[in-house]
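Chemist: Got a predicted structure plus its sequence, pasted below:
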Amino acid sequence: MELMKATNIVKDYMVGEVAIRALDRLNFTIDSASFISFVGPSGSGKTTLLNLIGCLDKPTEGTLTVAGTDVASLDRRQGAAFRGANIGFIFQDFNLLPVLTVYENIEYPLLMVQNVPAKEREERIMKLLDAVGMLEQEGKYPDQISGGQKQRVAVARALVTNPRLVLADEPTANLDHKTAYMVIELMKKMRDEFRTTFIFSTHDQKIVGEAEIIYTLEDGQITEREEKGGNNRG
């Protein structure tokens, strides 16, 4: 089942009076419950693309449909509401709030963007804490846990709103390779359990191979699409 479709997506940024093209006529589709990686060097357009998918920015041209909604047409308020209902985020620097416990960090999106009753909040949080192996650390603060544990918490926080899609921008950048593999495997496990689509960007070639479909970006264009068991250029 198709979750997302990009048609002739262009993104230009103005630097003074000069237009810099960050994304140049991107076309792709992504199915539900996929595990996708966008790869490429710095400046290739990975983060720009994730920002468009996440309704944090708008394309200059083209249409981008996510979960049946043309997100390019949403205003700021509508975009925020759509994000809260459909999209979770995982960041390379974790973005956990230092004054909140592990439990409270996972709970935070439910308090900010969804009116979820207390009992249901607790049920969701405890289920996710168990799923990511962090039940025993629920009362600890971010500075009391390891980098890998922080990213586990970030995965749980991204999933607590029951999103259709999770976006992860360089989610393993601050982790050693062993921990990075563990986080990627955790994300796959969560995909299988919750049927959530995961899209992550990375330039780490050792992690790239863990994706099921890999899109290579160069100078704002998709130069290659590689699928496990096959390789299609174009």
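Modeler: That came through, no problem.

Chemist: Tell me how many other residues crowd Met1.
Modeler: If you count neighbours by other CB atoms under 10 Å, Met1 ends up with 5. (C-beta placed from N, C-alpha, C; glycine too.)

Chemist: Could you double-check that it lies in contact with Asp31?
Modeler: Yes: at 6.2 Å, Met1 counts as touching Asp31 under the criterion of CB atoms under 8 Å.

Chemist: what bits of the protein have low per-residue confidence?
Modeler: By pLDDT under 70, the weakly predicted segments of the chain are 114, 229-234.

Chemist: biggest helix in it, by residue count?
Modeler: Counting by DSSP state H, the longest helix found in the chain is helix 177-194.

Chemist: What lies in contact with that helix?
Modeler: Defining contact as CB atoms under 8 Å, 6 or more residues apart in numbering, one finds that helix 177-194 is touched by 33, 35, 90, 131-132, 146-148, 151-152, 155, 159, 162, 166, 168, 171-172, 175, 196-198, 200, 204, 206-207, 210.

Chemist: among those residues, which are in strands?
Modeler: Per DSSP state E, strands hold the following members of these: 35, 90, 166, 168, 197-198, 200.

Chemist: Name the residue closest to the centre of this protein, please.
Modeler: Residue closest to the average C-alpha location in the chain (CA atoms, centre = their mean): Leu167, at 0.8 Å.

Chemist: How much space separates that one from Lys119?
Modeler: Distance of Leu167 to Lys119, computed by CB to CB, to the nearest Å: 29 Å.

Chemist: surely Ile36 meets Tyr215?
Modeler: Yes: using CB under 8 Å, Ile36 is in contact with Tyr215, at 7.1 Å.

Chemist: Before I go, just wanted to say thanks for your time.
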